[in-house]
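Asks: pasting the sequence and the predicted model now:
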Amino acid sequence: MADDHIDYGECGEYAAHFATEAQRLVGLSQLVNVQALIDEVMSVAGSVAAELAKQTQKKAVVRGDGANVADAAEEGRQELARFFKYLGTLDDDVVRDVNAFFPGGRQGDLKKLKPADVQKKIASVLTGFDAPTNTALPEGTKWKNKLTQAEHSLKIAIGQKTSAVGTKIVHTAELAAARKAFLKTYINVAKPLVRGLLARLGREDEFSLYFRDETVQESKPRKKAPPAEAPAEG
């Protein structure tokens, strides 16, 4: 039975199958130019593949991939290190609570932190500015803004990578049109012509061999038969 739905990826798969199998019909009858038909099916399938390729290229650009994330994470590490160093340069009489920024008063090994952990670390440090003893920290506003910007940039970079990796096929108008053209050629042109040719050759039973979707088994569960009625008592 023919497949109820041919998706974007299957267009190329079904076209390639047809092109391979239909070679056996080339030149058997002047009724149908099978080679021209094969070329037409492969051409419209190629248009679908081209539109899918455009999406792959766009994803690669958006991803900017680990490069953007790694750069943003490194900038975040450096900003944390600079801020920790700044706290250590303040005079002893300057009121501040280092523990509110860095628990235990230790910076920790920033190099071991993954990008997501760097973001969490910066977010945690930023909460230290809310401590009463840190509200009047010299240049506190400047450092808070720098850390906020670093955390924001890293968050965006991680978000872009995640959204790109998880992106599914976007049904653009061009892609939809390419698939529609393929289906029209494959279903409304190729199938009738091959069916007619096989009828002329007396080989109608071979039809499903040339179209993979004709052999796809439907995955829908069969309807259960109604329970048999109990025999009437005599």
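Replies: Thanks, I have the structure now.
Asks: and residue 35, how many neighbours does it have?
Replies: For residue 35, the neighbour count with other C-beta atoms under 10 Å is 14. C-betas here are computed from N, CA, C, even on glycine.
Asks: alpha carbons only: can I get stretch 83-101 in PDB?
Replies: The C-alpha trace of stretch 83-101 is given here as PDB (Å, rounded to 0.1, in the frame of the first residue of the first chain):
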ATOM      1  CA  PHE A  83      36.800  41.100  40.200                       C
ATOM      2  CA  PHE A  84      38.300  38.700  42.800                       C
ATOM      3  CA  LYS A  85      41.700  40.400  42.400                       C
ATOM      4  CA  TYR A  86      40.000  43.800  42.800                       C
ATOM      5  CA  LEU A  87      38.500  42.800  46.100                       C
ATOM      6  CA  GLY A  88      41.900  41.800  47.400                       C
ATOM      7  CA  THR A  89      43.400  45.200  46.500                       C
ATOM      8  CA  LEU A  90      41.000  47.200  48.700                       C
ATOM      9  CA  ASP A  91      42.300  48.800  51.900                       C
ATOM     10  CA  ASP A  92      41.600  47.000  55.100                       C
ATOM     11  CA  ASP A  93      39.300  49.800  56.300                       C
ATOM     12  CA  VAL A  94      37.000  49.400  53.300                       C
ATOM     13  CA  VAL A  95      33.800  47.700  54.400                       C
ATOM     14  CA  ARG A  96      33.000  44.700  52.300                       C
ATOM     15  CA  ASP A  97      31.900  41.100  52.600                       C
ATOM     16  CA  VAL A  98      34.000  38.900  50.300                       C
ATOM     17  CA  ASN A  99      32.200  35.800  51.400                       C
ATOM     18  CA  ALA A 100      29.000  37.200  50.000                       C
ATOM     19  CA  PHE A 101      30.700  37.100  46.600                       C
END
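Asks: now that stretch: mean pLDDT?
Replies: Mean pLDDT, stretch 83-101: 92.
Asks: report the contact partners of residue 206.
Replies: The neighbours of residue 206, taking C-beta atoms under 8 Å, 6 or more residues apart in numbering as the test, are residue 198.
Asks: again, only using 10 Å
Replies: With contacts defined as C-beta atoms under 10 Å, 6 or more residues apart in numbering, residue 206 is in contact with 21, 24, 25, 194, 198.
Asks: would you state the strands of the protein in chain order?
Replies: With strands called from DSSP state E, the chain shows none.
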